[in-house]
Structure formats: C-alpha cells, structure tokens
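>>> Whatever this is, show me its structure:
(one chain, ligands or ions: 2)
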Amino acid sequence: MNVGIIGTGYVGLVTGAVLSDIGHVVTCLDINEEKINRLKKGQSPIYEPGLDEILARNTATNRLYFTTNAQEAFAQADIIFIAVGTPQGKDGAADLSYIEQAAKDIAINVDHNVIVVVKSTVPVGTNDKVEEIILENMPPGLQVHVVSNPEFLREGHAINDTFYGDRIVIGAENSIARDKVESLFKSLNIPIVHTNRRSAEMIKYASNAFLAVKISYINQISNLCEAIGADVNAVADGVGMDHRIGRAFLNAGIGYGGSCFPKDTEALAYLARKNDVNLSIVQSAIQANGEQRHIFVQKVISYFKGELVGKKIAILGLAFKPNTDDMREAPAITIIEELLKKGAHIKAYDPIVKDVTSLNNKIKYANTKEQCVENVDAILIVTEWEEFVEADWKKIKMISKDAQVFDGRNILTNK
Ligand SMILES: NC(=O)c1ccc[n+]([C@@H]2O[C@H](COP(=O)([O-])OP(=O)(O)OC[C@H]3O[C@@H](n4cnc5c(N)ncnc54)[C@H](O)[C@@H]3O)[C@@H](O)[C@H]2O)c1
Ligand SMILES: O=c1ccn([C@@H]2O[C@H](COP(=O)(O)OP(=O)(O)O[C@H]3O[C@H](CO)[C@@H](O)[C@H](O)[C@H]3O)[C@@H](O)[C@H]2O)c(=O)[nH]1
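Ligands and ions are numbered 1, 2, ... in the order given. Next comes the predicted model:
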C-alpha cells in the first residue's frame with residue numbers, strides 16, 4: 001500500500017521505517033527542513049537502536065521517501081498517518097494545535113478519497129474532531145474516514161516494539177476503513193484489538209497511566225523499605241513473581257520522565273476533572289513522581305549536612321532512560337538544577353547525550369564515566385545505562401577516592 005506519514009519524530013519515523021520494511025511504499029512528511037535534509041542524506045535525527053539500518057535498507061530499495069512537501073507526501077497515499085506531537089498545554093490538557101494543523105494540511109492537499117490514521121496520543125473525542133476538520137476543509141465530493149491507532153512503542157526499544165508489539169489497537173467507525181488499516185499491519189502477526197474510536201483513544205491513556213501508577217507505587221514502597229530496613233529490589237522480585245502483578249515497571253528509583261508519562265497522566269487527570277470524575281489514583285501518582293526526585297536530592301543535601309556550596313558532584317546519566325537521546329522531562333534536569341541552586345559544581349557524563357541546551361554554561365561535561373568521577377565529592381547515578389550497570393564499581397570508587405555514591409536507579413544493590 002502507499003502510505004503518507006505526517007511527523008518524523010520518534011513515532012512517525014519508526015512507523016515509516018517499519019511499514020516500508022514490510023513492503024509498503026512510505027513517504028514521510030515533516031515541517032522541520034533540517035530533519036528532512038538529514039534524513040535525505042541517510043542520517044537519522046534521533047538515536048534509536050536499529051533504526052539507521054532499517055532507514056538505509058528501505059531508502060536504497062525505493063520504499064521510503066522524505067519530503068517537506070505535503071502534496072508530494074499525499075499524492076499516492078491510500079492511508080495517511082498523523083504522528084505529530086501532542087505536548088502538555090494549559091492546565092495539563094493536551095495541546096492539539098499540531099493535530100489540528102495536520103488535519104487542515106491533509107484537507108487542503110489531498111485530491112482523492114483517503115483514510116486518515118491518528119497515531120499520536122490524543123484525548124477522547126479528538127478523532128471525531130480531526131474528521132470534522134478534514135471534511136470541512138477538503139474539496140467537495142471527496143471522502144475521508146478517520147481511524148484511531150494509538151502507538152505503544154518505548155523509546156530505546158522502538159523498532160523491536162513495532163515489529164513485536166503486544167497488540168495493535170484499531171478504533172474505527174467504518175468497517176471498510178478498519179479492514180484496510182488492519183491489512184496494512186497483517187504481516188506483523190500481532191494480535192489486533194478492534195474497538196470504536198473513543199475506546200481506542202482511552203486505551204492509550206489508561207495504559208500509560210497504569211504504568212505510571214505502578215512506578216509511583218513501587219517508589220513509595222521503596223521509601224518505606226528504606227525507612228524500615230527492607231530491600232526494595234528483593235521486594236519487587238517477590239511481588240512481581242505473582243503473575244497477576246508482574247515484575248515489569250516495578251523498578252524503584254527517581255521516578256518516571258520522558259515525553260509520554262508526565263504529559264499523558266496530566267492529560268488524563270485533566271479529562272477526569274473536566275468530566276467531574278474522581279481519578280485521584282492518577283493524581284496521586286503524578287504527585288508522588290514529582291516528590292521522588294526531591295527526596296533523592298534531599299538525601300544528598302542531608303549527607304553533606306545541608307552545605308553543598310563548592311561540593312563537586314558527578315552525574316552519571318542525563319537521558320530520561322537508557323538507549324535514548326531524549327531529554328524531554330528527564331529527571332536529571334530537575335536534580336541538577338536543584339543541586340546548582342544549592343551551590344554545587346556539576347560534572348555530567350551520558351553515553352549518548354553530550355549537551356543539554358538548558359544546562360549549558362552551568363555544568364561541565366566529561367567524555368567518559370572515569371573522567372566524570374575524578375576529583376568529586378559525590379556520584380549520582382541518574383540513568384541506568386548498561387555502561388553503568390556493567391561498570392567495574394570497585395575501580396570507579398577507587399578513581400573517585402571513595403566519593404559517596406547515590407544510586408538513583410537501584411543498580412548497585414548486588415555490587
Ligand atoms: N515518543 C514516544 O515514545 C511515543 C510513543 C507512543 C506515542 N507517542 C505519541 O506520538 C506522538 C508523537 O510523538 P513523538 O515523540 O514522535 O513526537 P516528536 O516531537 O518527536 O515528533 C513530532 C514531529 O512532527 C512534526 N510536525 C509537527 N507538525 C507538523 C505538520 N503539520 N506537518 C508535518 N510535520 C509536523 C514535528 O516537526 C516533529 O518532527 C505524540 O502524541 C506522543 O504522545 C510518542
Ligand atoms: O520500572 C520502571 C520502568 C520505567 N521507569 C521510568 O519510566 C519512564 C518511562 O519509561 P518507558 O516506559 O520505558 O519509556 P517510554 O519510551 O516513555 O515509553 C512509555 O511511553 C510511551 C509513549 O506513550 C508508550 O508508547 C510506552 O508504551 C510507554 O512504556 C522512564 O523515565 C523510566 O526510567 C521507572 O522508573 N521504573
């Protein structure tokens with residue numbers, strides 16, 4: 001099939017790469033010229049394991065194209081995906097301006113009947129709105145069907161998650177459009193969930209919020225474990241062996257960050273408030289997550305008896321999680337800013353993130369973890385990169401002359 005994709009971010013680009021890899025002809029559209037120019041030169045604008053190879057393979061076989069021209073992207077398209085951002089807006093609500101613009105772009109640039117698939121994470125009712133906008137603005141006589149197909153990939157595992165996902169959710173009001181979207185994914189052999197558009201939109205938020213609640217729960221249990229002398233890793237292992245609970249997302253630490261959980265939990269809480277529904281569980285998870293990074297900083301402050309002025313602190317890990325270069329809502333930023341405010345000097349090392357615009361000129365960057373921990377008073381583990389998990393910690397402690405280690409990801413329990 002011929003597919004157009006609006007937005008070449010983590011979701012649009014990975015979706016485009018995988019759909020071309022399973023035989024479709026895909027044209028990816030973005031308004032960011034720099035991104036498209038890089039992609040045309042064969043360079044990925046994001047760090048995502050395995051992505052470069054798939055991009056190279058499918059551009060070489062003429063199944064994957066990149067453009068900033070909407071007419072070119074939609075000219076042959078049977079199906080157009082919307083994969084633009086839905087950042088946090090006012091009062092926690094999702095900002096739908098990119099979605100609305102994408103819908104208008106489709107309406108004024110298509111010259112044939114089309115199926116539009118909304119892959120972005122959007123509040124319940126948005127697919128209806130997208131259909132309305134397109135119908136209002138497209139040439140008379142043309143038809144559009146909008147289908148909801150939320151995305152569940154994790155950054156750092158995006159390719160694998162797309163090829164081997166747990167489920168593909170298709171929310172449709174029209175059975176012909178539904179079947180056509182289903183046939184697009186057929187060769188992936190992933191279980192399909194059929195539902196209406198509103199339920200599909202809700203599945204995405206309910207999934208993310210559940211995972212966020214799970215993390216905040218284990219983090220609060222971890223605080224209690226620390227107070228009473230229990231080991232949260234052992235507790236999580238024991239609890240997680242119950243198949244009704246499961247071990248995944250029970251890793252305690254400094255809390256969740258990233259481009260999804262923070263904004264999606266806020267958007268769901270906003271939706272509940274707007275509809276006068278009590279969603280205090282999600283609200284509490286958000287609050288607990290905000291507190292968790294302050295609790296971590298407080299441990300450092302207490303260790304130095306409240307006096308951080310001039311203290312040299314090494315930060316190991318900047319990205320919000322391993323295997324990504326994404327710094328959106330990374331706990332590292334809040335933690336570093338709080339330490340800077342207290343007068344500490346910060347040196348940071350991350351295997352992939354080499355500078356953070358908002359922190360530049362305020363902190364130093366090291367080229368290696370060894371360089372980072374030289375001549376410091378404390379070491380903070382902020383992201384659980386494999387490089388830190390597998391490191392020779394005896395050597396790290398020796399280089400740092402036994403600087404105090406604060407393990408924000410509980411990776412050193414058995415070391
Ligand atoms: N990042 C993830 O891991 C992930 C996973 C699942 C779902 N989601 C959801 O998917 C959506 C996209 O997320 P992302 O992280 O890929 O976003 P992103 O910010 O990385 O990328 C969005 C891209 O869309 C482009 N864009 C915006 N308006 C456009 C327009 N009118 N025409 C063409 N291009 C346009 C932007 O320039 C940008 O490159 C969001 O709703 C997000 O919540 C993200
Ligand atoms: O046990 C855990 C698991 C995760 N995290 C943190 O939670 C955040 C999110 O991690 P993860 O879910 O692995 O990454 P994302 O790429 O943000 O993926 C989430 O958000 C995406 C965007 O909606 C969804 O598609 C995915 O299914 C969902 O897992 C990160 O800060 C992790 O450090 C923990 O603190 N403990």
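
>>> residues contacting the closest residue to ligand 1 within the chain?
In the chain, no residue comes nearer to ligand 1 than Gly9, which is 1.9 Å away by C-beta to the nearest ligand atom. In short, each C-beta sits where N, CA and C put it, glycine included. Contact criterion C-beta atoms under 8 Å, 6 or more residues apart in numbering gives 46, 83-85 as the residues in contact with Gly9.

>>> how about these, which pair is most distant?
Between all members of these, the longest pairwise span (C-beta to C-beta) is found for Ile46 and Val84 and amounts to 15.0 Å.

>>> hang on, the earlier thing: state the distance from the residue of the chain closest to ligand 1 to Leu318.
Per C-beta to C-beta, to the nearest Å, Gly9 is found 20 Å from Leu318.

>>> Look at Ile46 and Val84 and report which has more neighbours.
Between Ile46 and Val84, Val84 has the larger neighbour count (other C-beta atoms under 10 Å), namely 28 against 16.

>>> does the more buried one sit in a helix, a strand or a coil?
For Val84, the assignment made with DSSP: H, G, I helix; E, B strand; the rest coil gives coil.

>>> before we move on, the earlier item: so which of the contacts of Gly9 would count as near ligand 1 as well?
83-85 (C-beta under 6 Å from any ligand atom).

>>> State the number of residues packed around Gln71.
Around Gln71 there are 13 other residues, counting by other C-beta under 10 Å.

>>> Correct me if wrong: it contacts Asn109.
Yes - using C-beta atoms under 8 Å, Gln71 is in contact with Asn109, at 5.0 Å.

>>> would you turn the contacts of Gly9 into JSON lines with distance to ligand 2 and pLDDT?
As requested, the contacts of Gly9 are arranged in JSON lines below (distance: C-beta to the nearest ligand atom, whole Å; pLDDT from 0 to 100):
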{"residue": "Ile46", "distance to ligand 2": "12", "pLDDT": "94"}
{"residue": "Ala83", "distance to ligand 2": "12", "pLDDT": "98"}
{"residue": "Val84", "distance to ligand 2": "14", "pLDDT": "98"}
{"residue": "Gly85", "distance to ligand 2": "11", "pLDDT": "98"}
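
>>> Of these, just say which sits nearest to Ala378.
Of all these, the one with the least separation from Ala378 (C-beta to C-beta) is Ile46, at 31.9 Å.

>>> Please list all residues in contact with Lys263.
If a contact means C-beta under 8 Å, 6+ apart, then Lys263 has 86-88, 94, 329 as its contacts.

>>> From these, which land in helices?
For the contacts of Lys263, membership in helices holds for none, with DSSP state H as the criterion.

>>> Of those, which is the nearest to ligand 2?
Glu329 (8.0 Å).

>>> Compute the number of surrounding residues for the closest one.
The tally of other residues near Glu329 (other C-beta under 10 Å) stands at 17.

>>> what do you get for the one 4 residues further on?
Burial of Ile333, expressed as a neighbour count using other C-beta under 10 Å, amounts to 19.

>>> For ligand 2, what's the nearest residue on the stretch 1-150 of the chain?
Closest approach between the stretch 1-150 of the chain and ligand 2, counting by C-beta to the nearest ligand atom: Thr121, at 5.6 Å.

>>> per-domain residue ranges of this protein.
The chain breaks down into these structural domains: 2-195, 204-287, 304-407 (assignment by automatic domain parsing).

>>> pLDDT of the second one, averaged?
Predicted confidence along domain 204-287 averages 98 (mean pLDDT).

>>> what about that domain and ligand 1, touching?
Yes - on the criterion C-beta under 6 Å from any ligand atom, domain 204-287 is in touch with ligand 1 at 259-260.

>>> Please compute how far that domain lies from its chain's middle.
Shown here is domain 204-287, whose average C-alpha point lies 16 Å from the average C-alpha point of the whole chain (C-alpha atoms, centre = their mean, to the nearest Å).

>>> Does that domain reach ligand 2?
Yes - on the criterion C-beta under 6 Å from any ligand atom, domain 204-287 is in touch with ligand 2 at 208, 211, 215, 249-251, 253, 256-258, 260-261, 264.

>>> Dump the residues you listed to TSV, plus neighbour count.
Shown next, in TSV, are the residues of domain 204-287 next to ligand 2 (neighbours: other C-beta atoms under 10 Å):
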residue	neighbour count
Asn208	23
Leu211	19
Ile215	21
Phe249	16
Leu250	21
Asn251	19
Gly253	23
Tyr256	25
Gly257	24
Gly258	20
Cys260	24
Phe261	22
Asp264	25
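
>>> Among the residues you listed, which one lies nearest to Gln143?
Scanning these for proximity to Gln143, where the rule is C-beta to C-beta, the winner is Asp264, at 31.8 Å.

>>> Can you tell me the closest non-neighbouring residue to that closest one?
Taking C-beta to C-beta, 6 or more residues apart in numbering as the measure, Asp264 lies nearest to Asn208, with 4.3 Å between them; neighbours along the chain are not counted.

>>> How about Asn113?
Spatial nearest neighbour of Asn113, excluding adjacent residues (C-beta to C-beta, 6+ apart): Gln143 at 4.3 Å.

>>> Buried residues in stretch 388-402, which are they?
Within stretch 388-402, the residues that qualify as buried are 388, 391, 396-397, 399-400, counting by 16 or more other C-beta atoms under 10 Å.

>>> quick one on the thing from earlier: so which of the residues of domain 204-287 next to ligand 2 are in helices?
When helices are assigned by DSSP H, the members of those inside them are 208, 211, 215, 261, 264.

>>> Helices of the stretch 201-350 of the chain, residue ranges please.
Using DSSP state H, counting those that start in this stretch, the helices of the stretch 201-350 of the chain run over residues 232-240, 261-274, 280-303, 331-341.

>>> Stretch 395-412 near ligand 2 anywhere?
No - judged by C-beta under 6 Å from any ligand atom, stretch 395-412 and ligand 2 are separated, with a smallest distance of 7.6 Å.

>>> How far away from the center of its chain is that stretch?
Between the mean C-alpha position of stretch 395-412 and that of its chain there is a distance of 28 Å (C-alpha atoms, centre = their mean).
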